[in-house]
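*Asks:* Mind looking at a prediction? Sequence and model below.
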Amino acid sequence: MAGRTKHMHTVPAGYLRGFADANAEKRNPHVWRFDRSSPDPKLISVRDASVASGIYELRNADGTVNLTVEKDLLANCVDDVIREAIRAISSRETHRYWCLRNLSRFVAFQLVRTPHMMQLMRDFSEACRSPMSSDDSLMAMVTIAPTLERWFCMMDWTFCSNRCTLPFLTSDSPAVMWAHRGRYLEGGVGFMDPAMRILVPLTPELCVLASQTERSLKNVRESSPGNEVGGFSKIYGITYRYTELDLDAVVRFNQVVVANADRYAYASSDAPSVRAFMSDVFYAQIAPVRRFDGQPIGSPIECEGEEPPA
């Protein structure tokens, strides 16, 4: 493909439609966007939410733009199917297996497809004296995602219903890896941590929470990302249940999701309860640090071991 797509969704528009304000008098679905740097939310089209310029572009040998990842993989295999998968899960109808797998594939890619996560891969590669181009980081995303999906499928899923006045919120990084440490909520933990959970809001009334199991931890310890044979076509057993959350749990989950946002959080309403919550935990707060050494993304990091020969 020789053409250039200026804006590419880092969070699928189909997913964000589930958080659209049903009372907004707009022709197209709109969501409320909350910005870390501003106390005034904006009602914007889902088509304009969570976009980046050229983030999924590859380059052909002749220098022309190749959008295979954006159009053939993400759009056709992930983004176009997630809305129907969430609808089926929300209605609690009998799930076809591949409905759940469409959700797991969405989660796997959301863990690696956002701009800051691809920048993190480039930072680590640079620090290890093996610079990674934009094409390399994009292909790393494609290679790692099937393994992350397998690990996610082996976790224990709980679909959590929200019957409270405060809706579930989402963000420009909606899949969150975190752990509950007593009084504290720690974000950015890895798959090797037995306490790690993955939280993803699906609609204002539903989220999925995945917890580690002996099977999932064993699989993480015995395998490495990028060595998946069979990719997304392999069959995994998935265990799931439904539960309802009280207001305290909804607030806690929203704190996890909002804290994980890079810049924007999204809501289906700008009701006073939502504005008050965002005022307490979001405005003027720094974005999360996703670096093992605690430094901001983009800064140099140190690697152990001898420097490789020039």
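*Replies:* Sure thing, it's come through.
*Asks:* can we go C-alpha only for contacts and neighbour counts from here?
*Replies:* Noted.
*Asks:* Let me know the average pLDDT across the longest helix along the chain.
*Replies:* Selection of the longest helix in the chain by residue count, based on DSSP state H, yields helix 134-153. This predicted structure assigns helix 134-153 an average pLDDT of 86.
*Asks:* Grab the CA positions of that helix and hand them over as PDB.
*Replies:* As requested, C-alpha coordinates have been extracted for helix 134-153 and formatted as PDB (Å, rounded to 0.1, in the frame of the first residue of the first chain):
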ATOM      1  CA  SER A 134      10.000   1.400  14.400                       C
ATOM      2  CA  ASP A 135       9.400  -1.600  12.100                       C
ATOM      3  CA  ASP A 136      11.300  -3.800  14.500                       C
ATOM      4  CA  SER A 137       9.200  -2.700  17.500                       C
ATOM      5  CA  LEU A 138       6.000  -3.200  15.500                       C
ATOM      6  CA  MET A 139       7.000  -6.700  14.500                       C
ATOM      7  CA  ALA A 140       8.000  -7.500  18.100                       C
ATOM      8  CA  MET A 141       4.400  -6.500  19.100                       C
ATOM      9  CA  VAL A 142       3.000  -8.900  16.500                       C
ATOM     10  CA  THR A 143       5.300 -11.700  17.700                       C
ATOM     11  CA  ILE A 144       4.800 -11.300  21.400                       C
ATOM     12  CA  ALA A 145       0.900 -10.900  21.300                       C
ATOM     13  CA  PRO A 146       0.100 -14.700  20.700                       C
ATOM     14  CA  THR A 147       2.200 -15.700  23.800                       C
ATOM     15  CA  LEU A 148       0.500 -13.000  26.000                       C
ATOM     16  CA  GLU A 149      -2.900 -14.300  24.800                       C
ATOM     17  CA  ARG A 150      -2.000 -17.800  25.800                       C
ATOM     18  CA  TRP A 151      -0.900 -16.700  29.300                       C
ATOM     19  CA  PHE A 152      -4.100 -14.600  29.600                       C
ATOM     20  CA  CYS A 153      -6.300 -17.600  28.600                       C
END
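*Asks:* Got the phi and psi for Tyr184?
*Replies:* Main-chain dihedrals, Tyr184, degrees, to the nearest 10: phi -120, psi 150.
*Asks:* how much space between it and Pro288?
*Replies:* Using Cα to Cα, to the nearest Å, one gets 15 Å for the distance from Tyr184 to Pro288.
*Asks:* In terms of packing, which of the two has more residues around it?
*Replies:* Using other Cα atoms under 10 Å, the more surrounded residue of Tyr184 and Pro288 is Pro288, with 17 against 8.
*Asks:* Chain neighbours aside, what residue packs nearest to the more buried one?
*Replies:* Spatial nearest neighbour of Pro288, chain neighbours left out: Asn260 (6.0 Å); criterion: Cα to Cα, 6 or more residues apart in numbering.
*Asks:* what number of residues lie near that neighbour?
*Replies:* Asn260 has 26 nearby residues by other Cα under 10 Å.
*Asks:* do Ser224 as well
*Replies:* The tally of other residues near Ser224 (other Cα under 10 Å) stands at 12.
*Asks:* just Leu103 next, same as before
*Replies:* The number of residues packed near Leu103 is 22, by other Cα under 10 Å.
*Asks:* Distance-wise, check it relative to Ala175.
*Replies:* Using Cα to Cα, we find Leu103 at a distance of 11 Å from Ala175.
*Asks:* what's the nearest residue to Arg241 if we skip its chain neighbours?
*Replies:* Nearest residue to Arg241 in three dimensions, chain neighbours excluded: Thr158, at 5.0 Å (Cα to Cα, 6+ apart).
*Asks:* would that neighbour count as being in a strand?
*Replies:* Yes - secondary structure of Thr158, determined by DSSP: H, G, I helix; E, B strand; the rest coil: located in a strand.
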